[in-house]
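> Got a sequence here, can you model it:
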Amino acid sequence: MTLLLATGLAAVFAPAASAAPVKAAAGVCDTAPNWQAGAWYTAGTVVRFNGGHYIAEHDNPGYDPTISTWYWDPYNCGGGGNPPTTGFPVSESQFNQMFPNRNSFYTYSGLVSALSAYPAFANTGSTEIKRREAAAFLANVSHETGGLVHIVEQNTANYPHYCDWGRPYGCPAGQAAYYGKGPIQLSWNFNYKAAGDALGIDLLNNPWLVQNNASVSWKTALWYWNTQNGPGWMTAHNAIVDNQGFGHTIRAINGSIECNGGNPAQVQSRIAKFQQFTQILGTTPGSNLGC
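Numbering: from 1, shown residues only. Sure, this is the predicted structure:
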């Protein structure tokens, strides 16, 4: 479960379906312990079992990785990224490898078409940094949406909570219209107002565009990534391009809940996904991964 609260983003997610194997950083697999029945495993832990590797998608008390597929996913070691064929440092085949079970709404073309809104994203610094930023963004997005499975917040009971009537513009789309949507699970009327103003789209009156238009949906995620500090002290974009570390991207998105010991399992889950994605893209994760 993930909660985004610090800047008004809030979403709760149901578990995603078991994913196809993903490629891991060799170092993670080199140090992976053998699985033991009855041992406690936190989300993000990689283990050896029956000649293969598995990653814990959810905390569990040592369930069998081949039987309890809600708790464990296969984890393939080795690999490396193929050079991208476009200016964006992630090719469509790499995107598909990262999100084998994604909802068809989250198209690669939708992401690419959204890039024009923030041309510095994954396009600043060296090739290593460009790929690292793409991996960092997509790793956090994967964590928030269960691998790009969920388009909208799963807990419908929360929907009426995201209207701040104290704002002068109110909630013209209705009190329950501003629930979490899209890759970053944008929520609250004031976030829809701010994102819409920045993107030139009337999201305050039409918040459903975020769940119905793939390009708009991706743009809202890029808006947050590139412009919002959240509970941190720098944007996620700046955290990567200024070599401050992946941990600051977590802090910008959900730091008040997860960082400083708040939820180390969720932090480790994000880090593990980031390491997978940097390996797919053929780049390095850098330092300062945690928060």
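> for the chain, what are the low-confidence residue spans?
The model of the chain has pLDDT under 70 over residues 1-30, 43-44, 51, 57-58, 68-70, 76-86.
> okay, now residue 41: neighbour count?
Residue 41 sits with 24 neighbouring residues when counted by other Cβ atoms under 10 Å. For the C-beta atoms, the positions are set from N, CA and C on the backbone; glycine is no exception.
> separation between the closest residue to it other than its chain neighbours and residue 33?
Of all residues not flanking residue 41 in the chain, residue 56 sits nearest, at 4.6 Å (Cβ to Cβ, 6 or more residues apart in numbering). Noted for residue 56: a distance of 12 Å to residue 33, by Cβ to Cβ, to the nearest Å.
> again with residue 193
Relative to residue 33, and taking Cβ to Cβ, residue 193 is found at 48 Å.
> More neighbours: which of these two?
residue 193 (21 against 11).
> Distance from the chain centre to the helix or strand encompassing that one, please.
Element membership for residue 193, per DSSP states H and E: helix 189-199. Here helix 189-199 is found 20 Å from its chain centre; the criterion is Cα atoms, centre = their mean, to the nearest Å.
> Could you look up the SS state of the residue located most distally from the centre of the chain?
What lies farthest from the middle of the chain is residue 168; by Cα atoms, centre = their mean that is 31.6 Å. Secondary structure, DSSP: H, G, I helix; E, B strand; the rest coil: residue 168 is coil.
> the helices in the stretch 1-150 of the chain, which residues?
Counting by DSSP state H, counting those that start in this stretch, one finds helices in the stretch 1-150 of the chain at the ranges 26-30, 92-98, 108-114, 127-145.
> Could you pull up the residues touching residue 206?
Listed by Cβ atoms under 8 Å, 6 or more residues apart in numbering, the contact set of residue 206 reads residue 173.
> Please, which helix or strand holds it?
Element membership for residue 206 (DSSP H and E) is empty, with no helix or strand holding it.
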